[in-house]
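J.: after the sequence you'll find the predicted model.
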Amino acid sequence: MSDETPSKKRNGPSRDEKRQMRSAARLYAVQALFQMEHSNQSLDEVRQEFETHRFGAVYEGDELAEGDPNLFRRTLEGAVERQALIDQMTDRALVAKWPIDRIDPTLRALFRAAGAELVEGTAPPKVVITEFVDVARAFFPEGKEAKFVNAVLDHMAREAKPEAF
């Protein structure tokens, strides 16, 4: 065992662990938004359930990732508070025949979470796009949805933060 390991643990998560926690928070935000849409749970109920029972939980021997609670909360709250604005941005990025209320509910939750980060987050838009394309791949391993998500998020990012392009 190296001498660095104990000091790293005392100083908190490593850079890679922080990145993984942010990625997990984004995935959990999509799941939480999906759950809110399909249940009668409030924002506070869903947030507490995820933070208490999912972050780092062990199910059937598999440990779930620890999520960044601050990013999770900001993304979830931003998606709820700015849902109308984000849905309008998403509609403009979609083909006219496919408004947001007609797309897959998982994709709808993904666009809302990503939109919240694009509108009020601090991560560069290209990072947000890459991260949420990875989330799309987690839900849709076939791959075609990832290309669709990339195109829609690119359009949304250019609208939300044109100065970044």
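T.: Perfect, thanks for sending it.

J.: let me know the secondary structure of Pro141.
T.: Following DSSP: H, G, I helix; E, B strand; the rest coil, the label given to Pro141 is coil.

J.: pLDDT score for it?
T.: The per-residue pLDDT reported for Pro141 equals 89.

J.: just read off the phi/psi values of it.
T.: phi -70, psi -10 (degrees, to the nearest 10).

J.: now it: how far from Ile129?
T.: Pro141 sits 19 Å away from Ile129, taking C-beta to C-beta, to the nearest Å as the criterion. The way it works is simple: take the backbone N, C-alpha and C, and place the C-beta from them, glycine included.

J.: please say which of the two ends up with more neighbours.
T.: Using other C-beta atoms under 10 Å as the criterion, Pro141 and Ile129 rank with Ile129 on top: 22 against 9.

J.: am I right that the more buried one is in contact with Asp154?
T.: Yes: here Ile129 lies in contact with Asp154, judged by C-beta atoms under 8 Å, at a distance of 6.1 Å.

J.: can you give me the helices for this structure?
T.: With DSSP state H as the criterion, the chain has helices at 4-10, 15-37, 43-53, 69-81, 83-93, 105-120, 125-139, 144-160.

J.: most packed of those helices?
T.: Most buried of those, by mean neighbour count (mean count of other C-beta atoms under 10 Å): helix 105-120, with a mean of 24.

J.: who are the packing partners of it?
T.: On a contact count with 3 or more C-beta pairs under 8 Å, 6 or more residues apart in numbering; DSSP states H and E, helix 105-120 meets helix 15-37, helix 69-81, helix 83-93, helix 125-139, helix 144-160.

J.: per-residue confidence for the closest residue to Asp134 other than its chain neighbours?
T.: Nearest in space to Asp134, with sequence neighbours left out and distances taken as C-beta to C-beta, 6 or more residues apart in numbering, is Ser23 at 6.9 Å. What the model reports for Ser23 is a pLDDT of 93.
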